[in-house]
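> Got a predicted structure plus its sequence, pasted below:
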Amino acid sequence: MTNESPTDQGTPISPELWESLVENSADVIMIVDVTGTIQYINHTVAGFDVEDTLVRNVREYVPADNSDELGARLRRVFETGEPESEQVFAAGPMNSGAYYLARIGPIKQNGQIVALSITATDITVLKTTEEALIDTASRLNAVLNNVAYGIISINGQGRIQSVNHAVERMFGYASEELLGKNIELLMPVKKADHQDRYFQDYSQTGRTNVIGDARELEGKRKDGSVFALELTVTAFTQNEEAMYTGILVDITRRKQTEMELRQSQKMEAMGLLAGGVAHDFNNMLSAIMSYTYLIKQKMPDNTDICKYGGEIQKAADRAAGLTRQLMAFSRQDVADPKVVGLGDIIEDLVKMIRHLIVENIRLVFRSPSDLWPVMVDVGYIEQVVINLALNARDAMPEGGLLSLDISNLVLEKRSDDLADEAEFAEYVVVTVSDNGTGMTPDVRPRIFEPFFTTKDVGKGSGLGLSTSHGIVKQMGGHIAVDSTPGMGSTFRVYIPRSNAPIESGHENAPHDSQLTGSGTVLLVEDEVILHDIAVLTLREFGYTVLTALNGSDALTVASEHPGPIDLLLTDVIMPYMGGLELSENLKAMHPEMRVLYTSGHIDDAGIRQIVSAKQGNFLRKPYSSPQLLEKVGKMLNNSSRSAYVVSQSTIE
């Protein structure tokens, strides 16, 4: 050895230094022959018997399923002289349970490969950490791909970096079709330019008005359809580049529900308005109809005045029909439901419908013989079917096919046709369909609005479908529509099945000679115009009439009257004291007194109970003089003298 430093240029390193370097290396260093037999190994592995190892093959220190692969690598390096690396799991005598990165290289002498070197670095900690990271990433990926929300990440240029499965389902693209593409691919054209400018502005200035806040926007699917989305954006930096993560929620159903709620609230408000208007109008119509009748009674039949009175009467009857439509729409009309079979009723109605449609429209009616019974107001269901038939007729100006079908239906699962309002139940379904013009998507949500119509001015009132909607709801049913522009429309009316037997028979109307009567009637009516005409009518036809404008006054009048009171004729809804409370109070003073209630407004639990009890002691407004006299006569001529009075305590 010389005194020169071993690190000086050109100075050879002594064998002792090489041996010290190898023996103190953190790596396991081996020399093996081409078969893998160990020729040399350092002392790095603690507790390792070097002498024992020198007679073993390196393939003994790896799992059996890796042994052949390691042998193949050794032969390949010996043949090619090209180093190779492999991660191996140590087994057997050498530190079993550790992971090593083994690097295999050739050892040459005189240009020939005479042996192989194996340098093995313990990577157990690194491998364990890697496996933990892979497991965490796998679980995170599973979570992201199984959430209902779409998760998408993009860079500062708006190019998509990652998407989860929900995004694929939401937009109809596979992830491979999206990665690297601009986010504008998922946006309608009118929104894409704005979004590009937004990302550029944020990346340059940091100004934002959406980061962290949810906002609504539109998305575009692969098929070109547009749908409503809610987007929440978060920003982060990766490798000094601005990145964004968007959380996407398909809010199509929510928007539809919101629209249906607004529509329902609008219709409820319009219903209250329509009901209020109809109630006041009913009072005026009652006076018009009654005064007209009395005028006609005073005049000979062949006079012009009598003729004019008849025309006024016809107009009043038509106006009464209109108010009944308004009341039906607002679900405040007094229905007279009966358990019936719809087949025969609608079959008879079809005969009239044939006269209402033009000759170039073919009408087809189908009904099975085993239809379930339903509880409906026959007049109302006829009105619904006629309204739907006329609507179909008007949708086919050039002619077409009008189909009217009735069927039984067991609803066993939620139906999109009925949204969330229908219960799982049994229904009789009346279907009215046409192959006419159909409805556009913007028209369909409004068809049940009162006064909404697409017909020319003077061609429609806009009350037909809204009235039908109100009638069906009042029956406890549902009405649904399917329509495609140019293909036609189908309306389905779902009426709950009744388990009661079918009712039959209708009472005959009395003759005019039966309108005259006798007895004492206590009339309580807060509407002055109705009060006056009712008093005049009853007195004209032989009745003794006591009068009051409200319940409190009626109690006073009754207490001061020395004789019996045969009938209490009272409005139900009045200030201070209503008709139900009044009848309860008078019951003690006049136990034999009968009660006839009257109202044009049944949005009240007491009135509904009176009607549903079917005691015949209710007179709906508007009423004419003959209707009033007929009802009073029936009440007083009934052989049973027991009064029917609804106790206020029974009203919930």
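Yep, it's here.

> what mean pLDDT would you report for the helix or strand harbouring residue 427?
Assigned by DSSP states H and E, residue 427 belongs to strand 426-434. For strand 426-434, the mean pLDDT works out to 94.

> List the pairing partners of that strand within its sheet, with orientation.
strand 400-410 (antiparallel), strand 488-496 (antiparallel) (DSSP bridges).

> so how far is the helix or strand where residue 297 lies off the chain centroid?
Under the criterion of DSSP H and E, residue 297 resides in helix 252-298. The chain centre lies 27 Å from the centre of helix 252-298; the measure is Cα atoms, centre = their mean, to the nearest Å.

> What helices and strands are in contact with it?
Other helices and strands packing on helix 252-298, by 3 or more Cβ pairs under 8 Å, 6 or more residues apart in numbering; DSSP states H and E, are strand 226-238, helix 304-329, helix 464-474, helix 528-540, helix 625-637. (Each C-beta comes from the backbone N, C-alpha and C, glycine too.)

> orientation of it relative to helix 625-637 in degrees?
For helix 252-298 against helix 625-637, the angle by axes from the mean of the first three to the mean of the last three Cα atoms, to 10 degrees is 90 degrees.

> ok, residue 624 - contacts?
By Cβ atoms under 8 Å, 6 or more residues apart in numbering, residue 624 lies in contact with 286, 289, 290, 292, 293, 313, 316.

> Include distance to residue 307 and neighbour count when you put the residues you listed into a markdown table, please.
Compiled in a markdown table, these are given as follows (distance: Cβ to Cβ, whole Å; neighbours: other Cβ atoms under 10 Å):
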| residue | distance to residue 307 | neighbour count |
| --- | --- | --- |
| 286 | 22 | 28 |
| 289 | 17 | 24 |
| 290 | 19 | 26 |
| 292 | 12 | 21 |
| 293 | 14 | 21 |
| 313 | 11 | 17 |
| 316 | 15 | 22 |
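
> Among those residues, which one lies nearest to residue 123?
Nearest to residue 123, judged by Cβ to Cβ, of these is residue 286 at 98.5 Å.

> picking up where we left off before, among the helices and strands packed on helix 252-298, which is the most enclosed?
helix 464-474 (a mean of 24; mean count of other Cβ atoms under 10 Å).

> and the following helix or strand past that helix, which strands flank it?
Using DSSP H and E, the next helix or strand after helix 464-474 towards the C-terminus is strand 478-484. Paired with strand 478-484 in the same sheet, following DSSP bridges, are strand 488-496 (antiparallel).

> how about residue 246, secondary structure?
strand (DSSP: H, G, I helix; E, B strand; the rest coil).

> which residues pair with it across the strands?
residue 152, residue 233.

> Quick one: neighbours of it, just the number.
21 (other Cβ atoms under 10 Å).

> Verify the contact between it and residue 229 for me.
No - the criterion here is Cβ atoms under 8 Å, and residue 246 misses it with residue 229 at 9.4 Å.

> where in the stretch 201-350 of the chain is pLDDT low?
201-212, 260, 263-264, 267, 270-271, 274-275, 321-322, 324-336 (pLDDT under 70).

> partners of residue 229 in the sheet?
residue 217, residue 250.

> I'd like to know how far it sits from residue 18.
Per Cβ to Cβ, to the nearest Å, residue 229 is found 69 Å from residue 18.

> cool, residue 624 as well?
For residue 624 relative to residue 18 (Cβ to Cβ), the value is 127 Å.

> Same check on residue 174?
On the measure of Cβ to Cβ, residue 174 and residue 18 end up 58 Å apart.

> swap in residue 386?
Residue 386 is 110 Å from residue 18, by Cβ to Cβ.

> One more: residue 128?
33 Å.

> Assign the residue nearest to residue 71 when sequence neighbours are not counted to one of the three secondary structure states.
Distance criterion Cβ to Cβ, 6 or more residues apart in numbering; nearest residue to residue 71, sequence neighbours excluded, is residue 59 at 5.7 Å. Classification of residue 59 by three-state DSSP places it in helix.

> As PDB, could you dump the C-alpha coordinates of the strand holding residue 427?
What follows is strand 426-434, C-alpha atoms only, in PDB (Å, rounded to 0.1, in the frame of the first residue of the first chain):
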ATOM      1  CA  GLU A 426    -108.000  -1.700  -7.000                       C
ATOM      2  CA  TYR A 427    -109.400   0.800  -9.500                       C
ATOM      3  CA  VAL A 428    -111.900   0.900 -12.400                       C
ATOM      4  CA  VAL A 429    -110.100   2.800 -15.100                       C
ATOM      5  CA  VAL A 430    -111.900   4.900 -17.700                       C
ATOM      6  CA  THR A 431    -109.500   5.600 -20.700                       C
ATOM      7  CA  VAL A 432    -110.300   8.200 -23.300                       C
ATOM      8  CA  SER A 433    -107.700   8.300 -26.100                       C
ATOM      9  CA  ASP A 434    -107.400  10.000 -29.500                       C
END
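
> List the buried residues for it?
By neighbour count with 16 or more other Cβ atoms under 10 Å, strand 426-434 contains the buried residues 427, 428, 429, 430, 431, 432, 433, 434.

> could you give the angle of that strand to helix 464-474?
Going by the same axes, to 10 degrees, strand 426-434 makes 170 degrees with helix 464-474.

> ok now strand 426-434, how far from the chain's centre?
21 Å.

> can you list contacts of it?
342, 346, 371-372, 374, 381, 384-385, 388-389, 392-393, 395-396, 400-411, 477, 488-497.

> Now, of those, which are buried?
Looks like those have 342, 346, 371-372, 374, 381, 384-385, 388-389, 392-393, 395-396, 400, 402-406, 409, 411, 477, 488-497 buried, using 16+ other Cβ under 10 Å.

> pretty sure residue 282 is touching residue 619, no?
No - using Cβ under 8 Å, residue 282 is not in contact with residue 619; the gap is 11.6 Å.

> the more surrounded of these two?
residue 282 (25 against 20).

> Quick one: residues contacting the more buried one.
320, 323, 600, 621, 622.

> Go through these and say which is closest to residue 69.
residue 323 (93.1 Å).

> Tell me who's in contact with the closest one.
Counting by Cβ under 8 Å, 6+ apart, residue 323 has contacts 278, 281, 282, 285, 600, 622.

> Then residue 345?
378, 381, 382.

> Surely the second one is within a strand?
So the one you mean is residue 381. No - applying three-state DSSP, one finds residue 381 to be helix, outside a strand.

> shaky segments in the stretch 501-650 of the chain?
Checking the stretch 501-650 of the chain against pLDDT under 70 turns up 504-514, 601-616, 638-650.

> Also the stretch 1-150 of the chain?
1-11, 44-50, 52, 89-97.

> shared neighbours, residue 282 and residue 619?
Going by Cβ under 8 Å, 6+ apart, no residue sits against residue 282 while also sitting against residue 619.

> what helix or strand is residue 34 on?
Going by DSSP H and E, residue 34 is not in any helix or strand.

> check contacts around the closest residue to it other than its chain neighbours.
The shortest distance from residue 34 to any residue other than its chain neighbours is 4.6 Å, reached at residue 78 (Cβ to Cβ, 6+ apart). Counting by Cβ under 8 Å, 6+ apart, residue 78 touches 34, 106, 113, 116.

> export the helix or strand hosting residue 78 as CSV, just CAs?
According to DSSP H and E, residue 78 maps onto helix 64-80. The C-alpha trace of helix 64-80 is given here as CSV (Å, rounded to 0.1, in the frame of the first residue of the first chain):
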residue,chain,number,x,y,z
ALA,A,64,-42.4,-22.2,-4.4
ASP,A,65,-44.6,-20.4,-6.9
ASN,A,66,-41.8,-17.8,-7.6
SER,A,67,-39.0,-20.3,-7.7
ASP,A,68,-39.2,-21.2,-11.4
GLU,A,69,-39.6,-17.5,-12.4
LEU,A,70,-36.4,-16.6,-10.4
GLY,A,71,-34.5,-19.5,-12.1
ALA,A,72,-35.6,-18.3,-15.5
ARG,A,73,-34.4,-14.8,-14.7
LEU,A,74,-31.0,-16.1,-13.6
ARG,A,75,-30.6,-18.0,-16.9
ARG,A,76,-31.7,-15.0,-18.9
VAL,A,77,-29.2,-12.6,-17.3
PHE,A,78,-26.4,-15.2,-17.7
GLU,A,79,-27.3,-15.6,-21.4
THR,A,80,-27.9,-11.9,-22.3
